[in-house]
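Visitor: got a structure for you, letters missing:
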């Protein structure tokens, strides 16, 4: 049985990390998680993995399309995660995965408290203020120490009839965020368009 089992990426797949390199000599890999709290990655027993972008690692040849890997063990080590993949038993095999992108099904994530959200669930939501003005769409979130900041993308209409893209930043804290409606795909904030 091959270590790399051909698989289809789940419809709700989220990229959660990337293989940095081999770790040790017994087939472990070092993983860079895309989250500072990678519980889903630590708990998952099956990862969906895709080759790295060609510009980042030309010549990647371990596999050509999405594969599923069985995870024997995954744990925190220093500033990264390390994982033992079933069937990967030496350093050379682990090195072959360098740069591979790791995905999990969103349904594999642990439930959150009523006022907690995964960043991936906020991306793409429309943001409106209390007056109903559309302030933009969440393009990204930015960690700034103790708080996160919503990074919104919106269009500015120019005098000549053209439009250009602009960016607006809103702290993701209860002082400014009134409500997050995931089902309705919107966030309501106490924020003005001219801030």
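Guide: Nice, I can see it. Just so it is clear, the structure is predicted and the values come from calculations on it, not from any experiment.
Visitor: Tell me, how many residues neighbour residue 139?
Guide: Neighbourhood size, residue 139 [other Cβ atoms under 10 Å]: 15. Glycine gets a C-beta too; all of them are placed from N, C-alpha and C.
Visitor: where does the residue located most distally from the centre of the chain fall, phi/psi-wise?
Guide: Each residue of the chain has a distance to the centre, and by Cα atoms, centre = their mean the biggest one is for residue 160: 38.3 Å. Residue 160 has phi and psi values of phi -90, psi 10 when expressed as degrees, to the nearest 10.
Visitor: can you pull the contacts of residue 168?
Guide: By Cβ atoms under 8 Å, 6 or more residues apart in numbering, the contact list for residue 168 reads 135-136, 151-152, 154, 195.
Visitor: Spatially, what comes nearest to residue 169 if we skip its sequence neighbours?
Guide: In space, and not counting its chain neighbours, residue 169 is closest to residue 149: 5.2 Å by Cβ to Cβ, 6 or more residues apart in numbering.
Visitor: Confirm the one you found sits in a strand?
Guide: Yes. Judged by DSSP: H, G, I helix; E, B strand; the rest coil, residue 149 forms part of a strand.
Visitor: Identify the bridge partners of it.
Guide: Listed beta-bridge partners, residue 149: residue 142, residue 171 (assigned using DSSP bridges).
Visitor: Correct me if wrong: it contacts residue 171.
Guide: Yes. Counting by Cβ atoms under 8 Å, residue 149 touches residue 171, with 5.5 Å between them.
Visitor: circling back: and the pLDDT for the residue farthest from the centre of the chain?
Guide: With respect to pLDDT, residue 160 scores 92.
Visitor: swap in the one 10 residues further on?
Guide: The per-residue pLDDT reported for residue 170 equals 97.
Visitor: what about it, distance to residue 122?
Guide: According to Cβ to Cβ, to the nearest Å, residue 170 and residue 122 sit 11 Å apart.
Visitor: Out of those two, name the residue with the larger neighbour count.
Guide: Neighbours were counted for residue 170 and for residue 122 using other Cβ under 10 Å; residue 170 has more, 21 against 18.
Visitor: Tell me who's in contact with that one.
Guide: Going by Cβ under 8 Å, 6+ apart, residue 170 touches 127, 135, 149-150, 152, 176-177, 189, 191.
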